[in-house]
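Visitor: Build me a model from this:
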Amino acid sequence: MDLIAALLDPAAYPEPTREVALIQTHISWVFLTDGFAYKVKKPVDLGFLNFTTLRRRHHYLQEELSLDRRLCPEIYLEVLPITSPRGRVQVGGRGQPVDYILKMRRMPQDRMMDEVADRRELKAEHLDRIIDRLAPFYEQAATGPRINRYGEPAIIAYNHEENFARTEALAGQLLQRELFEQIRDFARSFLSRHRALFLKRIREGRIRDCHGDLHMRNICLADHIYIFDCIEFNHRFRYGDVAADIDFLAMELDFHGFRDLARHFVARFAEASRDPELLQMLDFYKCYRAYVRGKIHAFTAQDPAQAEASRDQARETARAYFALAGEYAEAGKRWAA
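Guide: Just a heads-up that it's a prediction; the model follows:
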C-alpha cells in the first residue's frame, strides 16, 4: 500500500475537503486539507531521532501534541489512527492502525512570519508581540535538576561536537574546510573560556524546557501570535538555555536581512526577562543555530526523495547558513578571548 498516495485522496479524511496538498521535510509529511493540517512522521533514523517503528511514531506524535499545546492549544487538536479497512485508507477510522497522524488547525499562510518577512512587512511591533508571548512562557516552563544538566558545558559541547562529526564530510563541498575549522574552533574556545558563565546560568534558573526550533516558519503573526512545531523528539535539543532559543530567532532575522530588528528583539527580550547576560551568549548561540540550519538543509540536499530543484535550493541555503555561522564565529572572538 502506498500510504502517502492514499493520503492525497480527499476521501481519506473525516471532514469534507476539496483537495489535499503535500508538504514534506526531512522527517515528516504534512497533508493540507481545506481547514486542517495533518502530520505523519517519516520512518527514519537520523541518529538524533528515531521514528522507525509504529510505536515510536505514535509516541512522538503524542509528545508533539502535548508540548505544542503549551503555546498553541487552539491549533493542536488530536492524534488519530490511520486505518485501512478493506484496503481503503481512513484517517480516524476503526481497525488496526497502519500509522498515526497529528491533526492541527490550518493557520493563514500569508501570516506566517517568513512570508511577512519576504514581503518586507515585518515590524518591531511584531517582535514585541512575540516577546509578550515568550517571556511568560519561559518563566513558567519546567526547570530543575533533570533539565539543568542540559545547560552543563559538557552537554553543550556534546551537541556541538555531534554537529561537527555529522558535517565534517561536507567540508570542501558545502563549506570550505577553513570555514568549518573556524566555526568549530570558536565553539570550543568559547565553551572552554566561559565555563563559569554557563554554570552561573544554571544557578540562575536560565535552563528551561524550551521550544527548541524557534525560527520564522514556526511562527504565525495572525489574530494571536502562534508559535508551533517545537522539538519533541530529543530532550537535548529542547532543554537548554533560554538564550539558545531566543538567539535562534535572532539568527533567522539576521539571515533574512533584518539585522536591526534582530538587535531590537534580543535587547527587548533581555530587558523583559531581566537577563542582561543573555547578550554575552549572543554570537555563540547564533553561530550554533546557523550551523544547525545549514546542516538540516545539507541533509535535504542529499535526500533522493526530494526534487532536483529542491535539492539545488537546499544546497544554496545550506551554504548561506554556514557562511552566516562563520560571521558569528568571527564576531564572537571578542567574548571567546
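Visitor: If you average pLDDT per helix and strand, which one of the protein comes out bottom?
Guide: helix 333-336 (a mean of 66; mean pLDDT, DSSP states H and E).
Visitor: can you tell me which helix or strand Leu65 belongs to?
Guide: helix 54-68 (DSSP states H and E).
Visitor: can you pull the buried residues of the helix or strand just after that helix?
Guide: Proceeding N to C from helix 54-68, the next assigned helix or strand is strand 76-83, under DSSP H and E. For strand 76-83, a neighbour-count test (16 or more other C-beta atoms under 10 Å) marks Tyr76, Leu77, Val79, Leu80, Pro81, Ile82, Thr83 as buried. Every residue, glycine included, has its C-beta placed from N, CA and C.
Visitor: Check stretch 20-36 too.
Guide: Val20, Gln24, Thr25, His26, Ile27, Ser28, Trp29, Val30, Phe31, Leu32, Thr33, Phe36.
Visitor: Quick one: mark the members of those that sit in strands.
Guide: Within the buried residues of stretch 20-36, residues falling in strands by DSSP state E are Gln24, Ser28, Trp29, Val30, Phe31, Leu32, Phe36.
Visitor: Arg208: which of these is nearest?
Guide: Ser28 (25.0 Å; C-beta to C-beta).
Visitor: Report the secondary structure state of the nearest residue to that closest one once chain neighbours are set aside.
Guide: Spatially, and ignoring its direct neighbours in sequence, Ser28 is nearest to Lys39 (5.4 Å; C-beta to C-beta, 6 or more residues apart in numbering). Applying DSSP: H, G, I helix; E, B strand; the rest coil to Lys39 yields a three-state assignment of strand.
Visitor: and Lys39, what are its bridge partners?
Guide: Val30, Leu102 (DSSP bridges).
Visitor: who touches it in this structure?
Guide: Counting by C-beta atoms under 8 Å, 6 or more residues apart in numbering, Lys39 makes contact with Ser28, Trp29, Val30, Phe31, Leu61, Glu64, Ile101, Leu102, Met104.
Visitor: which one is the second one nearest to, not counting chain neighbours?
Guide: Translated: Trp29. Val40 (4.7 Å).
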